[in-house]
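K.L.:
requesting a structural model of the entry that follows:
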Amino acid sequence: MAAERRRGRQGRPGRGGRRRARRLRRRRGRIRMLAAVAVTGALIGAAVLLGPRWAGGDDAPDAVAATAGSPHPSAAPSSPAAKPSDATKPPPSPSPSPSRSTLRIPATGPGTFTVAGASGTSGGQNAYRVEVEDGSGVDPDAAADLIAGILAAPRGWAHGGEHTFHRVASGPAGLVVRIATAATTDKICGQGGLNTRGEVNCRVGEVVMVNLKRWQTGSPEFDGPLAEYRALIINHEVGHWLGHGHETCPGKGRPAPAMMQQIYGLKGCVSNAWPYDENGAYLGGPSVP
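P.N.:
Sure thing, here's the model as predicted:
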């Protein structure tokens, strides 16, 4: 009997052995917890490093700087569903603009576009086309006339005949201006590796994407009428198409360059939509790398 009790005690760990086993289990638990924390931290760090590129102020930064009419590897192709509007119909009669706060702006659209009619003149250096997404509530010909006025303005890129433009409804066009919902803008800009996150515009190759929200409501940072902000959108994006990069504020109280990302703050400058002043001087600022 005594021998059996001794064998039973020898078959079970003593108190010291049990304490060592408990310490070993606790140590293994701490190691597993620290490993889990390390893995989580690594995943978070990777998400930060590999997260999407954020677009700039009035536009998303270009994937590749391109000069006028040059090819671009990620240029968005012209939509095969685009259809010309009735170029013979009379221009819409002026009507009061709805309040920006009450205007219904669709966030998504079908991704098909209506092409504005050609301008009455030809012979400009640069042929361009204007397309408006179907269902956006924007009249293609009315928007195209506004854009034509901006491109031809003396304070714009026309600047004494330096650049001239003529609008086409079909055939080759080195520049395409599209007004589209946020979702469609994001999709097409994303083809160039740009993240417009439903808020801003971009230029991908020969295609300028104008976010419908910005076209209809302007920017909270821009102190001026909506018509001026629309001029800034066109001048900024066409400026990229012409080969201009981003610029920043040249000094407190001075006009913000048209190539500045003004939607992210004016940095002491005052709002400005135009590349040139009334005397023909370029309203530039330090280049942004």
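
K.L.:
so which residues of the stretch 101-250 of the chain form strands?
P.N.:
113-115, 126-133, 165-167, 175-180, 202-204, 207-211 (DSSP state E, counting those that start in this stretch).

K.L.:
would JSON lines of these with distance to residue 250 be doable?
P.N.:
Heads up, the C-betas are built off the backbone N, CA and C, glycines and all. Formatted as JSON lines, the entries for the strands of the stretch 101-250 of the chain read as follows, by distance: least, C-beta to C-beta, whole Å:
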{"stretch": "strand 113-115", "distance to residue 250": "38"}
{"stretch": "strand 126-133", "distance to residue 250": "28"}
{"stretch": "strand 165-167", "distance to residue 250": "27"}
{"stretch": "strand 175-180", "distance to residue 250": "28"}
{"stretch": "strand 202-204", "distance to residue 250": "23"}
{"stretch": "strand 207-211", "distance to residue 250": "25"}
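
K.L.:
tell me which of these sits nearest to residue 191.
P.N.:
For the strands of the stretch 101-250 of the chain, the distance to residue 191 is smallest for strand 202-204, at 6.4 Å, taking C-beta to C-beta.

K.L.:
who does that closest one pair up with?
P.N.:
Pairing partners of strand 202-204, with direction, according to DSSP bridges: strand 207-211 (antiparallel).

K.L.:
residue 168 and residue 204: what is the separation?
P.N.:
20 Å (C-beta to C-beta, to the nearest Å).

K.L.:
of these two, which one has the most company?
P.N.:
Here residue 168 and residue 204 are set side by side on neighbour count (other C-beta atoms under 10 Å), and the busier one is residue 204, at 25 against 18.

K.L.:
the more buried one contacts residue 196, doesn't it?
P.N.:
No: counting by C-beta atoms under 8 Å, residue 196 is not a contact partner of residue 204; they are 10.3 Å apart.

K.L.:
which neighbours do these two share?
P.N.:
Shared between the contact lists of residue 204 and residue 196 (criterion: C-beta atoms under 8 Å, 6 or more residues apart in numbering) are residues residue 189.

K.L.:
related to what we said a few turns ago, make CSV from the strands of the stretch 101-250 of the chain and add distance to residue 225 and mean pLDDT to it.
P.N.:
Formatted as CSV, these follow (distance: least, C-beta to C-beta, whole Å; pLDDT from 0 to 100):
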stretch, distance to residue 225, mean pLDDT
strand 113-115, 26, 98
strand 126-133, 21, 96
strand 165-167, 23, 94
strand 175-180, 18, 98
strand 202-204, 24, 94
strand 207-211, 17, 97
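
K.L.:
which one of the ones you listed lies closest to residue 251?
P.N.:
Between residue 251 and the strands of the stretch 101-250 of the chain, the shortest separation by C-beta to C-beta is 27.2 Å, and it involves strand 202-204.

K.L.:
ok, back up a step: nearest to residue 284, out of the strands of the stretch 101-250 of the chain?
P.N.:
strand 202-204 (18.7 Å).

K.L.:
just the mean pLDDT for stretch 212-221, thanks.
P.N.:
The pLDDT scores in stretch 212-221 average 93.

K.L.:
report the buried residues of that stretch.
P.N.:
Applying a neighbour-count criterion of 16 or more other C-beta atoms under 10 Å, the buried positions in stretch 212-221 are 212-216, 218-219, 221.

K.L.:
same question, stretch 144-157
P.N.:
Residues of stretch 144-157 classed as buried: 144-148, 150-153, 155-157 (neighbour count, 16+ other C-beta under 10 Å).

K.L.:
could you pull out the buried residues of stretch 282-289?
P.N.:
By neighbour count, and taking 16+ other C-beta under 10 Å as the criterion, the buried residues in stretch 282-289 are 283-285.

K.L.:
measure it end to end?
P.N.:
Distance between the two ends of stretch 282-289: 20 Å, counting by C-alpha to C-alpha, to the nearest Å.

K.L.:
ok, residues contacting stretch 147-162?
P.N.:
By C-beta under 8 Å, 6+ apart, the list of residues contacting stretch 147-162 from outside reads 119, 128, 130, 163-165, 167, 177, 230-231, 234-235, 238-239, 242, 274-278, 280.

K.L.:
quick one: mean pLDDT for that stretch?
P.N.:
Averaging the model's pLDDT scores along stretch 147-162 yields 93.

K.L.:
about what we covered before: now render the buried residues of stretch 212-221 as TSV, adding distance to residue 251.
P.N.:
Output for the buried residues of stretch 212-221, formatted as TSV (distance: C-beta to C-beta, whole Å):
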residue	distance to residue 251
212	34
213	31
214	27
215	30
216	32
218	25
219	22
221	18
